[in-house]
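In: Need coordinates for the following:
(chains A and B)
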Amino acid sequence: MPTYTDMTKCDGCGECVDICPSDIMHIDPVYRRSYNIEPNFCWECYSCVKACPQHAIDVRGYSDFAPLGHKVRVLREKEKGSISWKIRYRDGRVKEFSFPIRTTPWGSIKAPADYAAPDAAGLSSPLLAHEPEALKVAALPMLPAAAK
Amino acid sequence: MFISNPFTLLTEFLSPLVMQVYVVLMIVAVAGGTLFDLYHKRSAEFFALRRKHSEAAAQRRLGAGEIAALAMRTVASEVATSGEFCKWPRRVSHLLMSYGFVIYLAATIVMVFVYATAAHTPLVLTALWNIGALMVLVGGCWFFFFLRVNVAYEGHSPFHLMRADLFIGALLASVACGLIWHFAQTAQSFAGGATATLVLFALYLFFTTLLFVSVPWSKFAHMFYKPVAAFQKRLEEANGSSDLPRPADGSHIGS
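Out: Presented below is the predicted three-dimensional model:
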């Protein structure tokens, strides 16, 4: 089910435009609120639904095969590191789920650009840049030949 | 510039009555434009329907005291401090614009209705008029060039204008022309003299009229809708009719 924006709740912050992997969340030229420019191309990843700080994005099926009336609502709580879903089915049933999404404080993960550039010798190593220390482990398991 | 009343100097070729009638006409234009907007976009019907749905789905009835407390919290958070914005630059820019506009508007009304023909206008009023306009200009330019969502996130040029820019564009042009016109009025050594001052005044008048008359096509009316939407959201959270999931029980941070 593709996403859509409730324009009375959207404050035009642009988080959904920034996060949409399909680049279909855009800004409406009349109201400067976000909208899904092409629901057919929506991957249904719901990144925008989860990222929206105003809870302004919901999802809906195509009306030709899915009669309306359902709802998928999301509450992301940064300070708790959790995301909760409330699914209302067309027959009136409601289900709620809550999941952990991270265990470290929001914004505490270093961006790749914050690390020092690795040196050229790293090209001959099977490890990726800043492994294993960036993974917070002493060493990664390796095949005997590579470990030599 | 900060010590003179621009509307007193204007009385040399425009009667105070004409200025006062213009201000009243602009107030009528905003009220009429908002009412037309309510009817045309069916916003009142939308909010009434949402209120009805909320009452039908309410898990508990709210008392008058609770509703009054929610209204006060809405005024303190969303109206007075733009609490709905999740990012501080937009919040600060919006506060600069909203308080600047209110100060500028109030000072204009008092200067036009009370001090247009007075020999002396209180310094605080003329200073407030200039400070209000400068606040709008600073907050507005910050928003216009750096924070507008299509500029910041879609990579548009700041000069890529669309209908959504009608309000901010007219507001910025109006206060900028007002300040430049006032500067031209008071600058003794201003080259060009009266003609240039008149042209600047005509531009100020044009953009100010555009700002207030374009309400049905611009987002001017958001200052009335936004508090209503924020209050409704608080009501829904309080009476249990919000369709959002319940907050998670515990924190996963550090687990």
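In: can you count the residues close to B:Asn5?
Out: 23 (other CB atoms under 10 Å in any protein chain shown). C-betas here are computed from N, CA, C, even on glycine.
In: so what's the backbone phi/psi at the closest residue to B:Arg163 other than its chain neighbours?
Out: Distances taken as CB to CB, 6 or more residues apart in numbering or on different chains place A:Val30 nearest to B:Arg163, at 4.9 Å, with adjacent residues excluded. Taking degrees, to the nearest 10, you get phi -100, psi -40 for the backbone angles of A:Val30.
In: okay but A:Val30 is in contact with B:Asp165, surely?
Out: No. Counting by CB atoms under 8 Å, A:Val30 sits too far from B:Asp165 to count as a contact (10.3 Å).
In: Compare those two (neighbour count), which wins?
Out: The neighbour count for A:Val30 versus B:Asp165, taken as other CB under 10 Å, is higher for B:Asp165 (20 against 13).
In: ok, now how distant is the more buried one from chain A?
Out: 8 Å (CB to the nearest CB, to the nearest Å).
In: That residue: what's it in contact with?
Out: Residues in contact with B:Asp165, defined by CB atoms under 8 Å, 6 or more residues apart in numbering or on different chains, are A:Arg32, B:Phe144, B:Arg148.
In: At the geometric centre of the chain, which residue do we find?
Out: Went with chain A since none was named. Nearest to the mean C-alpha position of chain A, counting by CA atoms, centre = their mean, stands A:Ser47 at 3.6 Å.
In: Please refer instead to chain B.
Out: Closest-to-mean residue, chain B, CA atoms, centre = their mean: B:Ser98 / 4.9 Å.
In: got the contact list for B:Pro216?
Out: With CB under 8 Å, 6+ apart, B:Pro216 has these contacts: B:Gly33, B:Phe36, B:Asp37, B:His40.
In: in the helix or strand hosting B:Met97, what counts as buried?
Out: Counting by DSSP states H and E, the element that carries B:Met97 is helix B:88-113. Across helix B:88-113, burial judged by 16 or more other CB atoms under 10 Å in any protein chain shown covers B:90, B:92-101, B:103-105, B:107-108, B:110-112.
In: Please identify which helix or strand holds the residue lying closest to B:His160 once chain neighbours are set aside.
Out: Of all residues not flanking B:His160 in the chain, B:Asn150 sits nearest, at 7.2 Å (CB to CB, 6+ apart). Following DSSP H and E, one finds B:Asn150 within helix B:149-152.
In: in terms of contact, does the residue nearest to the centre of chain A touch A:Cys20 like I think?
Out: Yes. Counting by CB under 8 Å, A:Ser47 touches A:Cys20, with 6.5 Å between them.
In: what about stretch B:237-244, how long is it end to end?
Out: Looking at stretch B:237-244, the gap from its leading to its trailing residue is 9 Å under the measure CA to CA, to the nearest Å.
In: could you list every residue that touches the residue nearest to the centre of chain B?
Out: For B:Ser98, the contacting residues are B:Ser82, B:Met223, by CB under 8 Å, 6+ apart.
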